[in-house]
Every structure is written in structure tokens, then in C-alpha cells.
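Enquirer: Sequence plus predicted model, see below.
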Amino acid sequence: MLRRKPGEKHRIELTVNGRRMAGHAEPRMLLVDFLRHELRLYGTHVGCEHGVCGACTVIIDGRATRSCVRYAVQCDGAEIRTVEGLAAGEDLNALQQAFSRHAALQCGFCTAGILMSVTQFLAETPRPTEAQVRDMLSGHICRCTGYEGMVRAILEVAHSSAEA
Amino acid sequence: MKPVAFEYCRPDSIEEALELLVEFGGDASVMAGGMSLGAMLNMRLVRPRAVIDINRIAALAETRREGAVFETGATLRQADALASAAVAAAVPLLRLALPHVGHYQTRSRGTLGGSAAHADPSAEIPLCLVALGGEIELRSRRRSRRVAAREFFHGVLTTSRAPDELVTKLAWPAHKPGRRYAFEEIAQRLGDYAIAAAACAVELDSAGKIAFLALGFGGIEDRPFAVDAKAFIGAKAAAATFQALVADAASKTTPLEDLQASAAYRRQLMRVLGQRVLQRAFDESARKH
Ligand SMILES: Cc1cc2nc3c(=O)[nH]c(=O)nc-3n(C[C@@H](O)[C@H](O)[C@H](O)COP(=O)(O)OP(=O)(O)OC[C@H]3O[C@@H](n4cnc5c(N)ncnc54)[C@H](O)[C@@H]3O)c2cc1C
Ligand code: FES
Ligand code: FES
């Protein structure tokens, strides 16, 4: 059994985007704050901090999920993927390019979370229907775009990778 | 916001978790998926001295068939239940309801037991358990017991769970040949909590009469409830029967009233959704005969 007192720092070792990383967190530290302030990965955004808006969504051990209602201490040994892992240097991946092409983002606040949801979703459902895409997007709030560009971008990426 | 400072405990077994519940004497929060608890912690609606993280207790995530009962461990994830062929075969009603529980990104972590322990009046999983007449297994250092779902839910976020008890399993009456199911809800947006939801399990006899009927509603009152349909067993499975049954049930409820819906609107939804699920399930039964 692991026990950590209130305020007591726990050393957390985990894999983020394929790299071994480590940092310290007291029990109440949100995973998203740990990613941003301990690991200095500022790509993941924080919105509502109660699981509703989806801005903080990352992939933890192969599941797209909220990082604002997960605590860093819970993630010792976890394998996490964040938006920083998508592009190869300056080269955006196919999904990011499609988002850009279809104006699937405007201010970008919601985008990091959505890209991670979509990444995991397409790994599980490589040929989704439009209804499935919209259902998956229901877990994200975007105040700018109206979602239509996202739906087009996601379907385009799914179809082109299915052909390849 | 950020939670108050708490002690973090991660037990490796059910026994360790039960010890901790005694040690903190009710001043600890059990953390399952965290999809509801995380919000309550971050908003400081709860300020526990300790959080007991049960996610690494392997024994809590198992499913198993015990005769006529299908058991799902408390920390079985909603997404895993949705993808499970065993769940779909044993508890078809749950399979129909799960796509309505939150979103892809919350089902990936949220658990069946957490939803039951949380006891939101609109939650789909408690509704299915109540409609089917299932049970909740609770364990503490003192005892192990099973409580009928129809008695477990007391009101908004309140259940008969004692502070030292852990929800360890949900016990579902398993599917019987010939039984058919339907689930319907009305929510503002996809994945939102239901304003009203209806769930049923039905069976026809060879003469087209009602042989079995279980019907439950969620989101209407402060807890999910099952309708007493005894008087309708043996009646003809027809729209007029469903209408009479649902109108009778609706007249006996005291619906919640909130910003989303008035009591009158909820009662109306109850009639409409009730009739719809019964019609659909009986139509399917008739096709199989
Ligand atoms: C955006 C969003 C939308 C949602 N929409 C819906 C919806 O439409 N329908 C719906 O039903 N739910 C919905 N939810 C909530 C659902 O996702 C949660 O999974 C569920 O309410 C709680 O399950 P959990 O495993 O996350 O439990 P937690 O959040 O970990 O715990 C919830 C409560 O139960 C207690 N608890 C948990 N497990 C146990 C146990 N084994 N023994 C004793 N006590 C325990 C906790 O202490 C806490 O008080 C939504 C959540 C979000 C964030
Ligand atoms: S910040 Fe996590 S869901 Fe909004
Ligand atoms: S692009 Fe601004 S919130 Fe989505």
C-alpha cells in the first residue's frame, strides 16, 4: 500500500510521449498541473477543472481521459501521451494538418484535448461513421468553431488512412 | 479550484481498503473513476482527510456469472462494460444504457460501482439496476451484505451505504431467453445527465399477453424507481395497456423541479418515454414469437 501525507511530495516516474520523465507532486496536485508545471509541458490546457469541458484530455495507458480529475500521484508508472507528442518537430501530423485545412480550430484553447481524444478514438475506431465522430466530440466544448470543421477533418483523416 | 490537502492512500487489496475506512471513520473519500469525485474535490464540495484510491485493487474489476446472477466488480470501467460481449449477453439492458452515460472520455475511466455509490437521480446505471431488481454488494470490517437496488438509493447523492462500507459489486439478474429490453432518455445534449429516462424488461406469453414486465424511471424523482406493474400481468400487450400503465404510474409520482424542467414536463416525459420503451420492447418480443 502507498500512503502519502497531506502536502508530502511523492516522486513520480512516468513515460510521456515515449520519454521517461520524473517529477514531484503532493497528493492533491492535479495531473494536468503536474504536466504543465512540473514537466513544463504547457500544450495541455486547463479549463473547467471538473471534467466537463474536455480541454485537459490526454491519453493515459491507452485511454483518452480527463487530466483535471486525475491526480498526479495516481499516475506513477503510467504511459501518457499529450499534444506535444503529435508533431515531428515542426512537421504537423496528418490530423493536425487536417484540422488546419478545415478550420477546425480558431483560438485553439480546446484543440489539444480534442486532438488527443481523436487520436485514441481513431486508433480504436479506424473507420468511424459521422454519427460516431459527433458522439465522441460531445465530450468536448469548443466556443469558437461550431465543430463542423472538426467533423470534416476527422472523417477525411479516417478515410485517407483507410485507403493507404 | 484545487482540492484541500488530503492524505493519499492506495490500498492493494479490499481488506486494506476496509481497514482505511475504519481508520478515517467516515472522513475519507473512496476514489473510483474520479469522474464525479474529482469535481467535488476540486470544487471543495467535499473536504476529506483522506482519499482512498481503489483503482489498483485487481479483485474489484472482475465480472462473473453466478447461476442466474451476473456480477460486475465495482471498478469495472463503463467503457469496458460497453465493449464486453459477456455484459451484452448477460445484461442487455445495461448495454443499451451505457452509451448514454457521459462521454467517450468519461466512460474510459468512470466505473459502474462509482456510479451506483454516487447515486445521481438521473444516472443510467442505477436506473437499470433498479428496473431489473438487482443488488449492491457492500463490504466492511463488520460485515458483508447485499442490498436490493430498490432500497439502496435514498435520494440525491444519498444511499444506504454506511461510511465504513465499500461497494464491491453490482449483482444483475441475468438475461432469460424470451426477455426483451428497451432504454430511452431525454437530455439537453448528447452525454448529459438525463432530464428523464426509462428502462424496461418484458416478456410475452404465447397468446400475446404480458408474461413479465419490469419498468423503471430515472431523473423524475430524487432517485430511480421501479413501477409496480403486477396488475398488468396477463393483460394484452397493446398500446392502450401501456398508456394506462404509464398514466397510472405518472399520477403517483412527485417529480423534481429544477432549471431544466418543471414537474409537469417531467411527468409528461415519463408518460412518453414509458410508452415508447414498452412499445419497442414488446414489438421486439412479438417479432421473435
Ligand atoms: C462531463 C461528464 C458527464 C457525465 N454524464 C453522466 C451521465 O450522463 N450519466 C451518468 O450516470 N453519469 C455521468 N457522469 C458521471 C460519471 O461519469 C461517473 O462515472 C459516475 O458518476 C461516478 O463514477 P466514478 O467511477 O467516476 O466514481 P467517483 O467519481 O470516483 O466516485 C463517485 C462517488 O462514489 C463514491 N464511490 C466510488 N466508488 C465507490 C465504492 N466502490 N465504494 C464506496 N464509495 C464509492 C466516491 O467516494 C464518490 O463519493 C458524467 C461525468 C462527467 C465528468
Ligand atoms: S479542464 Fe478538465 S475537463 Fe475541463
Ligand atoms: S477553437 Fe476556441 S474553443 Fe475551440
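Expert: Perfect, thanks for sending it. Ligands and ions are numbered 1, 2, ... in the order given.

Enquirer: which element follows the helix or strand B:Glu15 falls within toward the C-terminus?
Expert: Assigned by DSSP states H and E, B:Glu15 falls within helix B:14-24. Using DSSP H and E, the helix or strand that follows helix B:14-24 towards the C-terminus is strand B:28-31.

Enquirer: what residue lies at the spatial centre of chain B?
Expert: Note on chain B: the residue nearest the mean C-alpha position is B:Pro126, at 1.4 Å, using Cα atoms, centre = their mean.

Enquirer: ok, that residue touching B:Ala116?
Expert: Yes: in this structure B:Pro126 lies within contact range of B:Ala116 using Cβ atoms under 8 Å: 5.5 Å. C-betas here are computed from N, CA, C, even on glycine.

Enquirer: Surely A:Ala55 is in contact with A:Leu115?
Expert: No: if you go by Cβ under 8 Å, A:Ala55 and A:Leu115 don't touch, sitting 11.3 Å apart.

Enquirer: Please name the residues that touch the residue nearest to the centre of chain B.
Expert: B:115-116, B:119-120, B:149, B:153, B:218, B:223-224 (Cβ atoms under 8 Å, 6 or more residues apart in numbering or on different chains).

Enquirer: now do B:Phe225
Expert: Contacts of B:Phe225 (Cβ under 8 Å, 6+ apart): B:130, B:150, B:216-217, B:253.

Enquirer: how about the residues of chain A near chain B?
Expert: For chain A, the contact set with chain B under Cβ under 8 Å from any Cβ of the partner chain comprises A:1-7, A:10, A:26-28, A:30, A:33, A:49-52, A:54, A:57, A:63-66, A:68-71, A:73-74, A:117, A:121, A:134-136, A:138-140.

Enquirer: Of these, grab the buried ones for PyMOL.
Expert: Applying 16 or more other Cβ atoms under 10 Å in any protein chain shown to the residues of chain A next to chain B leaves a buried subset, and the PyMOL line that selects it is:
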select buried, chain A and resi 4+10+26+27+28+30+33+49+50+51+52+54+57+63+64+65+66+68+69+70+71+73+74+117+121+135+136+138+139+140
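
Enquirer: what about B:Leu245, distance to B:Gln105?
Expert: 38 Å (Cβ to Cβ, to the nearest Å).

Enquirer: Tell me which of the two has more neighbours.
Expert: With neighbours defined as other Cβ atoms under 10 Å in any protein chain shown, B:Leu245 and B:Gln105 compare such that B:Gln105 has more, 30 against 22.

Enquirer: Next up, phi/psi of that one, please.
Expert: Backbone torsions for B:Gln105, taken as degrees, to the nearest 10, come to phi -80, psi -10.

Enquirer: which ones are touching it?
Expert: A:54, A:57, A:64-66, A:117, A:139-140.

Enquirer: Let me see the mean pLDDT of the helix or strand encompassing B:Leu96.
Expert: If you go by DSSP H and E, B:Leu96 is part of helix B:92-97. The average pLDDT within helix B:92-97 is 98.

Enquirer: got it, and stretch A:103-114?
Expert: Average pLDDT, stretch A:103-114: 98.

Enquirer: cool, stretch A:143-163 as well?
Expert: Per-residue scores along stretch A:143-163 average to 93.

Enquirer: Return the helix or strand hosting B:Thr72 as PDB; C-alpha atoms alone will do.
Expert: For B:Thr72, the host element (DSSP H and E) is strand B:69-73. Provided in PDB are the C-alpha atoms of strand B:69-73 (Å, rounded to 0.1, in the frame of the first residue of the first chain):
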ATOM      1  CA  VAL B  69     -26.900 -13.600 -11.500                       C
ATOM      2  CA  PHE B  70     -24.200 -11.700 -13.400                       C
ATOM      3  CA  GLU B  71     -21.800  -9.800 -11.100                       C
ATOM      4  CA  THR B  72     -19.800  -6.800 -12.100                       C
ATOM      5  CA  GLY B  73     -16.900  -5.600  -9.900                       C
END
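
Enquirer: Close to ligand 1: what parts of chain B are there?
Expert: Proximity of chain B to ligand 1 is confined to B:29-37, B:54, B:74, B:101-103, B:106, B:110-111, B:113-115, B:117-118, B:120, B:123-125, B:166-167, B:191-193 under the rule Cβ under 6 Å from any ligand atom.

Enquirer: In strands, which of those appear?
Expert: Among the residues of chain B next to ligand 1, DSSP state E puts B:29-31, B:166-167 in strands.

Enquirer: quick revisit: looking at A:Ala55 and A:Leu115, which is more packed in?
Expert: Taking other Cβ under 10 Å, A:Ala55 and A:Leu115 do not tie; A:Ala55 has more neighbours (24 against 21).

Enquirer: Return the backbone torsion pair for the more buried one.
Expert: Torsion angles, degrees, to the nearest 10, at A:Ala55: phi -60, psi -30.

Enquirer: What sits closest to it if chain neighbours are left out?
Expert: Distance criterion Cβ to Cβ, 6 or more residues apart in numbering or on different chains; nearest residue to A:Ala55, sequence neighbours excluded, is A:Gly47 at 3.6 Å.

Enquirer: now B:Ala74
Expert: Nearest one to B:Ala74, counting by Cβ to Cβ, 6+ apart, is B:Gly113 at 2.7 Å.

Enquirer: Kindly report the same for B:Thr106.
Expert: Sequence neighbours aside, B:Met35 is the residue nearest to B:Thr106 in space, at 4.9 Å (criterion: Cβ to Cβ, 6+ apart).

Enquirer: Now do the contacts for that neighbour.
Expert: A:51, A:66, A:69, B:102, B:106, B:109-110, B:114.

Enquirer: For it, give its distance to B:Ala199.
Expert: B:Met35 sits 21 Å away from B:Ala199, going by Cβ to Cβ.

Enquirer: Check A:Ala87 too.
Expert: Separation of A:Ala87 from B:Ala199 (Cβ to Cβ): 45 Å.

Enquirer: secondary structure class for the residue of chain A found nearest ligand 1?
Expert: Nearest residue of chain A to ligand 1 (Cβ to the nearest ligand atom) works out as A:Gly51 at 3.2 Å. Put simply, A:Gly51 is coil when judged by DSSP: H, G, I helix; E, B strand; the rest coil.
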